[in-house]
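Student: dropping a prediction and its sequence here:
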Amino acid sequence: MPVGTVGSVKGVLHRDLRDDVNAQVILGNTYHLYLRPGTAILQRAGGLHRFVSWERTILTDSGGYQVFSLAEKRKLTPEGCEFRSHIDGSTHFFTPEKVVDIQRIIGADIMMALDECPPGTADYTYAKRSLQLTQQWLKRGIERFRQTKPLYDYPQSFFPIIQGGVFKDLRRKATEYAASFDCDGLAIGGLSVGEPAEVMYEMLDTVTPLMPRNRPRYLMGVGTPGNILEGIARGIDMFDCVMPSRNGRNGMLFTSEGVINIRNKKWADDMSPIEANGASFVDTMYSRAYLRHLFVSGEMLGPQIASLHNLAFYLQLVELSGEHIAAGDFVYWKNRLIPKLERKA
């Protein structure tokens, strides 16, 4: 799912997301949209779909991660979280109930529960205390969700977030508690936040057997192409990450041959396409030499093309994963492909 934090995937037209990348879902962020443009404007527009002219699915994060990573000052209490805006320093207060209310106004098809995301280096005591707070907030958030109705003419879903740091017993406890509410799907948070990839996979191996098989499983904020393939192997259905668009804007391309830094001089006279069998029209239309020229010349079109390529590459990767799962050779295909994807081309 491409990340469109404030209602846009940076540098990419919605037309291209729809027609060329074939994105089915984009993300918005409750924290950022609450601060700017604000709920009054979003409600006047009829929700985020109409405000940004995106007719497909939108998922919104609760804003909890941003509160804990961006806010200048924050104070956690059982009631909620007080924080200061990173924009102007103004003081705000998020409760589990308020976050549901904000997402009702945003009109996201999939809403996330307010949680605390502990750092990957958190010790057991911190992770346990954090999980207790997340679970208290989850109960209240679900109650608010079930007591209220959508503001617009379509239903909304609510996903709990499984936390617990890097501790198996806490992750099991969190999974069982979140699954007990019988929501439309479950999310796994607090991974890819500083812990080694092997630890992340160990946590996925711990929680996915406890998650309902007939509901989507969402791994939040992950990750590289290899991370996604390993997540799929462990039963994950949904992913989001800023990496394809952010790295694209900085000249890093994910390709079937490995990772390319398009600014390198080696591409200056390479007239081959970005990706010969690519998923987007930009892959075969433009050469690597031309794309490098755009980047070193400071032309805005360079980051746009690179972002579009990376997003299309990611979407093609998960589409191919589905095909290989259906064919019964996914693990073999995945194990052969990952070393190619992770090398420097």
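Tutor: Everything's here; your move.

Student: okay, CA-based contacts and neighbour counts for the rest of this
Tutor: Noted.

Student: now residue 162. Nearest residue, chain neighbours left out?
Tutor: residue 188 (4.7 Å; Cα to Cα, 6 or more residues apart in numbering).

Student: what confidence value was assigned to residue 71?
Tutor: Looking at residue 71, its pLDDT is 66.

Student: same check, this time on residue 68
Tutor: 74.

Student: name the residues that touch the helix or strand hosting it?
Tutor: Applying DSSP states H and E as the criterion places residue 68 in helix 64-69. Contacts to helix 64-69, defined as Cα atoms under 8 Å, 6 or more residues apart in numbering, come from residues 31, 74, 83, 114, 115, 116, 117.

Student: of those residues, closest to residue 268?
Tutor: The nearest member of these to residue 268, counting by Cα to Cα, is residue 31 at 41.6 Å.

Student: where along the stretch 201-345 of the chain do the helices fall?
Tutor: Counting by DSSP state H, counting those that start in this stretch, the stretch 201-345 of the chain has helices at residues 225-233, 243-249, 281-285, 288-296, 301-327, 330-342.

Student: what about the first one, average pLDDT?
Tutor: Rounded to a whole number, the mean pLDDT of helix 225-233 is 98.

Student: residues contacting that helix, please?
Tutor: 197, 201, 204, 219, 222, 239, 314, 317-318, 321, 330-331, 334, 338, 341-342.

Student: please repeat the previous calculation with a cut-off of 7 Å.
Tutor: With contacts defined as Cα atoms under 7 Å, 6 or more residues apart in numbering, helix 225-233 is touched by 222, 314, 334, 338.

Student: now, which of those residues sits nearest residue 17?
Tutor: Using Cα to Cα, residue 314 is the member of these that sits closest to residue 17, with 12.3 Å.

Student: which one of the helices of the stretch 201-345 of the chain is the most hemmed in?
Tutor: helix 243-249 (a mean of 22; mean count of other Cα atoms under 10 Å).

Student: elements contacting it?
Tutor: Contact partners of helix 243-249 among helices and strands, from 3 or more Cα pairs under 7 Å, 6 or more residues apart in numbering; DSSP states H and E: helix 301-327.

Student: sorry, back to before: list the contacts for the residue nearest to residue 162?
Tutor: Contacts of residue 188 (Cα under 7 Å, 6+ apart): 161, 162, 163, 218, 219, 220.

Student: in strands, which of the residues you listed fall?
Tutor: 161, 162, 218, 219 (DSSP state E).

Student: same list, these, but as JSON lines with distance to residue 256 please.
Tutor: Converted to JSON lines, the ones in strands among the contacts of residue 188 look like this (distance: Cα to Cα, whole Å):
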{"residue": "161", "distance to residue 256": "33"}
{"residue": "162", "distance to residue 256": "33"}
{"residue": "218", "distance to residue 256": "25"}
{"residue": "219", "distance to residue 256": "23"}
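
Student: adding pLDDT, write those residues out as JSON lines.
Tutor: Shown next, in JSON lines, are the ones in strands among the contacts of residue 188 (pLDDT from 0 to 100):
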{"residue": "161", "pLDDT": "98"}
{"residue": "162", "pLDDT": "98"}
{"residue": "218", "pLDDT": "98"}
{"residue": "219", "pLDDT": "98"}
